[in-house]
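Novice: coordinates only, sequence not included:
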């Protein structure tokens, strides 16, 4: 099935939304249309793949639980075909392992159900901003590189600063990885809490600050004059240096 707002700009981003819940499609599709997107919808994974191949959308929103093919299967198929269309996966609350696997398999972002449609629109706009080229997005890169010799091997889960390998805890690595993939974006503390621990609790956001402070010590970063991680007061953090992706450390 397809759905498109009649007064959308012809060059407005085209987004495919795939979910087998009629209530979700019934709420999300018109909201995204009112937000200025052209929208195609699908209620199962196989149809979603057909629509993606036919219409080549600018971004996709895929539910992880769908008949025919689930969202992760659709994602894997797209990446095998070297289709780098930005993908936001809709996941279930509390399924931290599911979210981690989705990001490893090439999803650009995820959003827990139930969600605020405003947040979905914000996520879609963010992935569109950071995937403007036609090549593989940072989310699928095996290695992330930034300024001053900072490099992350996402496969080996190791980090370097120049020729020196950094001693980074697993959560510290995940934190740095997420900030680099979302370079130049404001990442809220609550979002990082969810990424690192799988839940969103305003009280627990202090734990995020502790992890950032730990990471800055490892990097030799001055919080007052950051090379990489800047604090956005009262909100969260932003990775302020440029980031590029590569297939290997060589």
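Specialist: Cool, got the structure. From a predicted model like this one, the values you see are computed outputs, not experimental measurements.
Novice: By mean pLDDT, which helix or strand of the chain comes out lowest?
Specialist: In the chain, the helix or strand scored least confidently by mean pLDDT, DSSP states H and E is helix 96-104, which has a mean of 67.
Novice: what number of residues lie near residue 195?
Specialist: By other C-beta atoms under 10 Å, the residues close to residue 195 number 22. Every C-beta, even on glycine, is put in place using the N, C-alpha and C of the backbone.
Novice: ok, what's across the strand from the residue nearest the centre of the chain?
Specialist: Here the mean C-alpha position of the chain is nearest to the C-alpha of residue 109 (C-alpha atoms, centre = their mean), at a distance of 2.2 Å. Judged by DSSP bridges, the bridge partners of residue 109 are residue 88.
Novice: Was I right to think it contacts residue 125?
Specialist: No. Using C-beta atoms under 8 Å, residue 109 is not in contact with residue 125; the gap is 10.8 Å.
Novice: for the residue nearest to the centre of the chain, what are its contacts?
Specialist: Shown in contact with residue 109 (C-beta atoms under 8 Å, 6 or more residues apart in numbering): 88, 89, 123, 126, 127, 139.
Novice: host element of the spatially closest residue to residue 207 that is not a sequence neighbour?
Specialist: Once flanking residues are discounted, residue 207 sits nearest to residue 193: 6.8 Å by C-beta to C-beta, 6 or more residues apart in numbering. Using DSSP states H and E, residue 193 sits in helix 189-197.
Novice: Tell me the helices and strands packed up against that helix.
Specialist: Helix 189-197 sits against helix 170-181, helix 205-219, strand 236-239, with contacts defined as 3 or more C-beta pairs under 8 Å, 6 or more residues apart in numbering; DSSP states H and E.
Novice: Next, the angle helix 170-181 makes with that helix.
Specialist: Per axes from the mean of the first three to the mean of the last three C-alpha atoms, to 10 degrees, the angle that helix 189-197 makes with helix 170-181 is 130 degrees.
Novice: what sits against residue 77?
Specialist: Taking C-beta under 8 Å, 6+ apart as the test, what residue 77 contacts is 49, 69.
Novice: Find the helix or strand that it is a member of.
Specialist: Element membership of residue 77, judged by DSSP H and E, is helix 71-80.
Novice: Return the set of buried residues in that helix.
Specialist: Using 16 or more other C-beta atoms under 10 Å as the test for burial, helix 71-80 gives 71, 72, 73, 74, 75, 77, 78, 79.
Novice: so where's the protein shaky on pLDDT?
Specialist: The chain contains residues with pLDDT under 70 at 1-9, 93-100, 102, 132-136, 199-204.
Novice: if you set the cut-off to 80 instead, what comes out?
Specialist: 1-10, 92-106, 129-137, 139-140, 197-205, 247-250 (pLDDT under 80).
Novice: returning to that earlier point: from the buried residues of helix 71-80, which is closest to residue 63?
Specialist: Among the buried residues of helix 71-80, residue 71 lies closest to residue 63 (C-beta to C-beta), at 5.3 Å.
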